[in-house]
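Chemist: Here is my input; please provide its structure:
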Amino acid sequence: MSISDSESSSSGDYKNLRQITRERLLYEMLRSTRAKDPKAIWKVLIMDKLTTKIMSCACKMADITEEGVSLVEDINKQRQPMLSMDAIYFVQPTKENVAIILSDMSGRSPLYKRVFVFFSSPASRELIHLIKNDGSVLPRMGALSEMNLEYFAIDSQGFITDHERALEDVFGDNAEILQTHNAFIHTMAARIATVFASLREFPYIRYRAAKSSLDASTLTTFRDLIPTKLAAAVWHCLARYKAIIPDFPQTETCEFLIIDRSIDQIAPVIHEWTYDAMCHDLLNMEGNKYVQKVPSKTGSTSEKEVLLEDHDPIWLELRHLHIADASERLHSRMTNFISRNKAAQIHNNSRDGGELSTRDLQKLVQTLPQYSEQLDKLSLHIEIAGKINELIRELGLREIGKLEQDLVFGDAGTKDLISFLKAKQEVTPENKIRLLMIYAAIFPEKFDGDKGEKLMQLARLSIDDMNAVHNMRYLTLPESKKTSGGFSLKFDVHKKKHAARKSRSDIEETWQLSRFYPIILELVEKLSRGDLPKNEYQCMNDPSPSFHGTMHTGSVQANDGHPAHSMRSRRTATWARPRSSDDGYSSDSVLRHASSDFKKMGQRIFVFIIGGATRSELRVAHKLTTKLKREIILGSTSLDDPAQFITKLKLLSAEEISLEDIQI
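Modeler: Numbering: from 1, shown residues only. Coordinates of the predicted model:
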């Protein structure tokens, strides 16, 4: 789909994943319908459940309205006729959706004047024929297009495919016999492929190889083959894009690594001490939504929903800091703000009982808009940090966190865990489960026979909670046939005997509780250097000679300040437009200033984790982007907080319970 040159952006600004997603939806899709009929001002936007979530992840309602949409409707609900208005359908290409569109627009009494249909992923020939063969609908159709956008941009460098039941569908008791298993792999691959379609990237695909391909004595399991199957399915989708999308790259422009949750079972449950992770771990947030209690003049309180996202510059500044650093910085910023801001000083003095003079009131009114916005943001984060620090004290998380870190780095063992469980009976069941899951990952032999049962009984865990620990066996990598029982959880071939991680000199140890790092940190570093073992992480497609040459010199070029470029990274989309807002607080403004460093980046690295990613792994993507001078984009089936992961783990052996039955 092409848009007139007048709508192209003169700006050469780098666009990150979320920005590209937003602009494709707003400009390539919604704005393109204006070009068909400049006189038509307002339109109806109709979406299904999936595309509604895609849109809400990337765009605000104000953005949609600005592009001429006056009403957003659910395709599955009964809608009133609006014969004077055009309709835009952004839906999945399913038989059900196509049937509804044809029903809406066929016959003598259509619901809308004209219809523009945009499918989120490639539509089958059968569905296209159904539409084209309806003689009453075709003349009323302004567009029929495949957007190839069926992922959820949850972060500037992160996306999910929205498969919340991936662990259950891929690793569970019944996964192998489920008829939906292959369909699940296909859907996941199709959604991943749309990320590359949006960014115009063609990846060199690598995946964790099945153990049986490395060792003939190893049993082949269907779980172990999942990354291989997904890599093949993604390659199939991308081969189609190469053939049908006009400006899709024909040679490799980036690297893509497919792994699964078995690669690291500790990251989902260990306490991550950054501000972002603590918010989602301790505050019972729904997604990125935090409910703030706001006092009123009458003394009562009301609730206000706040989104902790990219539009908030304080959130962007603090989210990856240790909670202690974040708290200290907030305190310092509030102190500086009050000392430098006249309105804040006046407001502060009035709280101390001093009366405001007429001149003081005039000054307050003059500075109030900016003062109020800044103070509200600072007050919000001070409130959040205060709650987190209070919960850390109440739950005794510092002592728990120290034991977790010591277990992971081999500085503590069984005796330390037993002593802790005996002395700290008041620790919550969830924190005991998390400790035991970490312990089981490092000391698998301790769960032979009834040793593990005794430990869990000492922790006074319920049968349901014990299942979460036992079900870790579903996520283990297979071993050779001669290996005895127990569940051997391997994280790195060079690991210490009883340590899941090796200490790293480049990990900041200002805080003892920040030593832990997810395994993907080492995997991405090795991939960037070209050191990832090719037998353990095999490639699906042979890259072109030019790609080999680029990657061979990639690290040298990065050090010299001349990294290799991906085709898409520096390309400005024809449907983009410059934004006039530069208030320092809007998402566009913040991200534009932050993105200036990306212009000289090398080729992107994509990593996809089957079975759920963690906030610590998303943090690693941001950290390594700065370190490696290559943008790291993390994808997964879902983004899980510890409580969510534990609940999903319990479902792996559940017979009659499903994810919808449990509140996470």
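
Chemist: ok, Glu168 touching Leu651?
Modeler: Yes - using CB atoms under 8 Å, Glu168 is in contact with Leu651, at 5.0 Å. From N, CA and C alone the C-beta is placed, and that goes for glycine too.

Chemist: Comparing these two, which shows the higher neighbour count?
Modeler: Glu168 (24 against 21; other CB atoms under 10 Å).

Chemist: What score does the more buried one have for pLDDT?
Modeler: With respect to pLDDT, Glu168 has a value of 85.

Chemist: mind listing what Ala499 touches?
Modeler: Residues near Ala499 by CB atoms under 8 Å, 6 or more residues apart in numbering: 408-410, 442.

Chemist: from the residues you listed, which is closest to Leu475?
Modeler: Lowest distance from Leu475 to the contacts of Ala499 (CB to CB) belongs to Ile442, with 14.5 Å.

Chemist: how far does stretch 75-87 stretch from start to finish?
Modeler: 11 Å (CA to CA, to the nearest Å).

Chemist: Which strand in this protein has the most residues?
Modeler: Criterion DSSP state E: the longest strand present in the chain is strand 602-610.

Chemist: what sits against Tyr275?
Modeler: Tyr275 touches 318-323, 326, 385, 388, counting by CB under 8 Å, 6+ apart.

Chemist: From those residues, pick the one nearest Leu475.
Modeler: His320 (26.6 Å).

Chemist: wait, doesn't the closest one sit right on Val620?
Modeler: No - shown here, His320 and Val620 do not form a contact pair, counting by CB under 8 Å, at 9.7 Å.

Chemist: Between those two, which has more neighbouring residues?
Modeler: Ranked by neighbour count (other CB under 10 Å), His320 and Val620 place Val620 first, with 27 against 19.

Chemist: Report the secondary structure state of that one.
Modeler: helix (DSSP: H, G, I helix; E, B strand; the rest coil).

Chemist: try Ile270
Modeler: coil.

Chemist: please begin residue numbering at 379 from this point
Modeler: Let's use 379 as the start, then, which means that last one is Ile648.

Chemist: before we move on, the earlier item: tell me how far the longest strand of the chain lies from the chain's centre.
Modeler: Strand 980-988 sits 13 Å away from the centroid of its parent chain (CA atoms, centre = their mean, to the nearest Å).

Chemist: so what secondary structure elements neighbour that strand?
Modeler: Judged by 3 or more CB pairs under 8 Å, 6 or more residues apart in numbering; DSSP states H and E, strand 980-988 is in contact with helix 559-577, helix 604-622, strand 632-638, helix 897-907, helix 932-938, helix 993-1006, strand 1008-1014.

Chemist: Could you rerun that using 6 Å?
Modeler: Applying 3 or more CB pairs under 6 Å, 6 or more residues apart in numbering; DSSP states H and E, one finds that strand 980-988 makes contact with strand 632-638, strand 1008-1014.

Chemist: Report the mean per-residue pLDDT for the very next helix or strand once past the last one.
Modeler: Next helix or strand after strand 1008-1014 toward the C-terminus (DSSP states H and E): helix 1020-1028. What helix 1020-1028 shows for mean pLDDT is 94.

Chemist: Having no further points to raise, I will conclude here.
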